[in-house]
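Asker: pasted the sequence and its predicted model underneath.
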Amino acid sequence: MDILIKILSTLVAIEFIFIMYLETFATTSKKTAETFNLTEEDFTNDKVKLLLKNQGVYNGLIGMVVLYATFFALNGNAMLVGSMIYIILVAIYGAYSSSNISIFFKQATLSVITLVLLLLF
């Protein structure tokens with residue numbers, strides 16, 4: 001089961017590092033616009049771009065914490081439980097605040113599965 005948890009946790013980390021890439025490095029790309037339901041007009045606002053880049057740094061750090069907990073931390077499973085709960089709560093807030101339930105499923109599905117496995121085994 002430990003291998004499955006490592007695989008799922010790594011996938012969660014990759015997801016958040018990819019979100020960081022979209023928000024921080026590919027800020028004005030078509031893929032970023034599609035992912036976050038933004039228009040080209042939104043990208044003309046420098047404040048929007050700055051906010052996206054800033055949010056991207058946070059998402060990248062979440063990914064790095066998950067990787068650290070998965071492969072290097074002495075009490076990695078405890079860190080993973082906390083990280084997965086945090087990710088799930090953020091996904092709930094994102095879905096609620098945007099009135100878009102799909103955000104929860106896109107952002108939290110792997111984390112929910114990982115958390116259940118962590119708590120059961």
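Answerer: Structure's in. What do you need?
Asker: can you point out the buried residues in the lowest-mean-pLDDT helix or strand in the chain?
Answerer: Scoring the helices and strands of the chain by mean pLDDT, DSSP states H and E places helix 30-35 at the bottom, with a mean of 93. For helix 30-35, a neighbour-count test (16 or more other C-beta atoms under 10 Å) marks T32, A33 as buried. The C-beta positions use only the backbone N, C-alpha and C, and glycine is treated the same way.
Asker: now the most centrally placed residue in the chain: how far from L22?
Answerer: With distances taken as C-alpha atoms, centre = their mean, F16 lies nearest the centre of the chain, 3.6 Å away. For F16, the distance to L22 (C-beta to C-beta, to the nearest Å) stands at 11 Å.
Asker: what's the answer for L4, then?
Answerer: For L4 relative to L22 (C-beta to C-beta), the value is 27 Å.
Asker: who has more neighbours, those two?
Answerer: The neighbour comparison of L4 against L22 (other C-beta atoms under 10 Å) goes to L22, with 19 against 12.
Asker: quick one: residues contacting the spatially closest residue to that one that is not a sequence neighbour.
Answerer: Leaving aside its sequence neighbours, L22 sits nearest to T32 (C-beta to C-beta, 6 or more residues apart in numbering; 4.6 Å). T32 makes contact with L22, E23, A26, L38, L52, according to C-beta atoms under 8 Å, 6 or more residues apart in numbering.
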